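Undergrad: I'll drop the sequence and a predicted model, then ask my questions.
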Amino acid sequence: MSATASKVKAATYSLHALGVFCGLAAATWLAAAEAPTKLVTAGFSPFLISLGMVAGVFVARWTVPVALKGTGYVLADLREKPHLIVWAVVAGCLWAVANTLTVFAVRNVGLSVAFPLWNINSLVGLFWGWLLFRELRGSGWGRVVGGAVAIVGGACLLAYATSQHANKLPGGAALGIAAALSAGLLLGTMYIPYRKAYISGMNPLSFVTVFTFGELGTVCSLAVAFDGGLHGVIAGLVRARPALFWLFLGGFCWVVGDLFQNYAAKYIGIARGIPLSNTNQLWGLAWGVLVFGELAGQGVLAHVLVFSGSVIMIAGAGAICTAKASESEQSSWKIAVERECTRYGLDLERVTSSLLGEDPLADDKPVRHWWEFLIMAGAVAIFVWLAVGAKHQAVAVDLPWMAVLLIATIVCLVACGLLLWKRTRFS
């Protein structure tokens, strides 16, 4: 084996481990991001909850890439791959609708049971990865299929458990189930633009910056159309002012989790990366049960079904993500990369180096600008202003368990962030 081939093989397997760590870190932050959706049980409109979260996402999506790479880097990346801008906007639109549906799901069936239902997105993403991007072509696909079957079985158990969850809201558990499953379908389809961007060599930080325009525009349109028009939305935001900090904070957590998820999708593909990040269902279950006491008063059967279903789904996701891409599958991935480079006139060598964790744009040394610090300062000021006016909401929480989960989430951020920086410099 040549020195070059050895280097590529070593990079591939080290990047597989990095992708796994990114998926696990994404799970903790994506779960924390959904905790503020419990405010829907305090009487706030699902559309208002989604709009508040997306506003926080919009602020964070501009701030994090600026802090890590700078606007010059992001703009250079977008100029090199302009065809991906529309794909990022479409992905943002899909996420906005899906996120609104998750709020309805949380309202009607709770976090602990809604999470696993919308996490069927791993099955949808697995299918699109196989069909469009030549993932799972070659040996080792049996473990992935077995994991997918386990995920479906676990979801069925959890869907049945929701029928035991007393609910007097409009539509009851049926509406919550339908909303969660629909969200899963949209979220799984959203990963098509994700993977298309990364086999073209785009940096996740650039992709998510454009992504936010699609999500903010879509959520604003949904809120205006279904929540009393523009005046109704403004009035709702004024009433929700004491709770907006928590929604913005949820949006920030989602951005961090989504960035880790994007890096996982880039380095190990959506067929593996998305199921791994969907272990957020375990963290969501922890938030729902330990912090919000969602299963309190439920019978033994409901507890057994929820925990058994979650364990089965997590085992399925684990089976999928421990199946490393074989050499034949890596060759198949290369065909997909070459197809994208030919279609859009991309430099194959630069794209390949990006997929190996290198950063071709770093050689161009994009200039940092002084006004980038104003952007970051402005974002911090918005969060501080909202925090000053924040008030305790009528949602019962267990503070010690919340502290434990928050500490675990921060530890995952620091540990995986350092690994990502050392291996790829956030490429």
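TA: Good, I have the coordinates. Residues are numbered from 1 along each chain as shown.

Undergrad: Let's verify the residue most central in space within the chain: helix, strand, or coil?
TA: With the centre of the chain defined as its mean C-alpha position, the nearest residue by Cα atoms, centre = their mean is residue 258, 3.7 Å away. Residue 258 falls in the helix class when you classify it by DSSP: H, G, I helix; E, B strand; the rest coil.

Undergrad: so what's it up against?
TA: If you count contacts by Cβ atoms under 8 Å, 6 or more residues apart in numbering, residue 258 has them with 26, 30, 208. Yep, even glycine has a C-beta here, placed from its N, CA and C like the rest.

Undergrad: Nearest spatial neighbour of residue 227, chain-adjacent residues omitted?
TA: Closest residue to residue 227 in three dimensions, ignoring its sequence neighbours and counting by Cβ to Cβ, 6 or more residues apart in numbering: residue 47, at 4.2 Å.

Undergrad: Go ahead and confirm the one you found touches residue 222.
TA: Yes. Counting by Cβ atoms under 8 Å, residue 47 sits close enough to residue 222 to count as a contact (5.8 Å).

Undergrad: Looking at these two, which is more packed in?
TA: residue 47 (23 against 20; other Cβ atoms under 10 Å).

Undergrad: what's the helix or strand for residue 383?
TA: Under the criterion DSSP states H and E, the helix or strand holding residue 383 is helix 371-388.

Undergrad: Give me the residues contacting that helix.
TA: Residues external to helix 371-388 that are found in contact with it (Cβ under 8 Å, 6+ apart): 59-60, 62-63, 66-67, 70-71, 244-245, 248-249, 252.

Undergrad: Please report how far residue 285 lies from residue 317.
TA: Here the distance between residue 285 and residue 317 works out to 14 Å (Cβ to Cβ, to the nearest Å).

Undergrad: which one of these two has more residues nearby?
TA: residue 317 (28 against 25).

Undergrad: Ignoring the adjacent residues along the chain, who's closest to that one?
TA: Closest to residue 317 by Cβ to Cβ, 6+ apart is residue 275, at 3.9 Å.

Undergrad: Please report the distance of that neighbour from residue 319.
TA: Taking Cβ to Cβ as the measure, residue 275 falls 9 Å from residue 319.

Undergrad: residues shared between the contacts of those two?
TA: Shared contacts of residue 275 and residue 319, defined by Cβ under 8 Å, 6+ apart, comprise residue 147.

Undergrad: Of those two, which one has the most company?
TA: With neighbours defined as other Cβ under 10 Å, residue 275 and residue 319 compare such that residue 275 has more, 29 against 20.

Undergrad: on that earlier part again, I figured the residue nearest to residue 317 hits residue 154, correct?
TA: No. At 11.6 Å, residue 275 and residue 154 do not qualify as touching, with contact defined as Cβ under 8 Å.

Undergrad: Now do the shared contacts for the two.
TA: What both residue 275 and residue 154 touch, as defined by Cβ under 8 Å, 6+ apart, is the set residue 316.

Undergrad: From the contacts of helix 371-388, keep the buried residues only.
TA: Buried members of the contacts of helix 371-388, counted by 16 or more other Cβ atoms under 10 Å: 59, 60, 62, 63, 66, 70, 71, 244, 245, 248, 249, 252.

Undergrad: Let me know how buried residue 374 is, in neighbour terms.
TA: Residues near residue 374, counting by other Cβ under 10 Å, number 11.

Undergrad: mind listing what the closest residue to residue 103 other than its chain neighbours touches?
TA: Sequence neighbours aside, residue 46 is the residue nearest to residue 103 in space, at 3.9 Å (criterion: Cβ to Cβ, 6+ apart). By Cβ under 8 Å, 6+ apart, residue 46 lies in contact with 40, 100, 103, 104, 107.

Undergrad: Retrieve the pLDDT associated with residue 46.
TA: On the pLDDT scale, residue 46 is placed at 83.

Undergrad: Next: residue 381.
TA: According to the model's per-residue confidence, residue 381 sits at a pLDDT of 94.

Undergrad: how near is it to residue 59?
TA: Using Cβ to Cβ, one gets 10 Å for the distance from residue 381 to residue 59.

Undergrad: Likewise for residue 265?
TA: Here residue 265 is placed at a distance of 23 Å from residue 59 (Cβ to Cβ).

Undergrad: same thing with residue 271?
TA: Relative to residue 59, residue 271 is positioned 32 Å away (Cβ to Cβ).

Undergrad: Likewise for residue 304?
TA: Noted for residue 304: a distance of 42 Å to residue 59, by Cβ to Cβ.

Undergrad: Equivalent analysis for residue 258, please.
TA: Separation of residue 258 from residue 59 (Cβ to Cβ): 14 Å.

Undergrad: In space, what's closest to residue 425 - neighbours in sequence excluded?
TA: Nearest in space to residue 425, with sequence neighbours left out and distances taken as Cβ to Cβ, 6+ apart, is residue 359 at 5.6 Å.

Undergrad: To clarify, my last question referred to residue 333.
TA: residue 134 (6.1 Å).

Undergrad: Let me know whether that neighbour touches residue 330 as I believe.
TA: No. Under the criterion of Cβ under 8 Å, residue 134 is not in contact with residue 330, lying 10.1 Å apart.

Undergrad: and the two? which has more neighbours close in?
TA: A direct count of neighbours by other Cβ under 10 Å for residue 134 and residue 330 places residue 134 higher, at 20 against 15.

Undergrad: residues contacting the more buried one?
TA: Residues touching residue 134, when contacts are defined by Cβ under 8 Å, 6+ apart, comprise 329, 332, 333, 335, 336.

Undergrad: Same check on residue 119?
TA: Each residue near residue 119 by Cβ under 8 Å, 6+ apart is listed here: 151, 155, 184, 278, 280, 281, 313.
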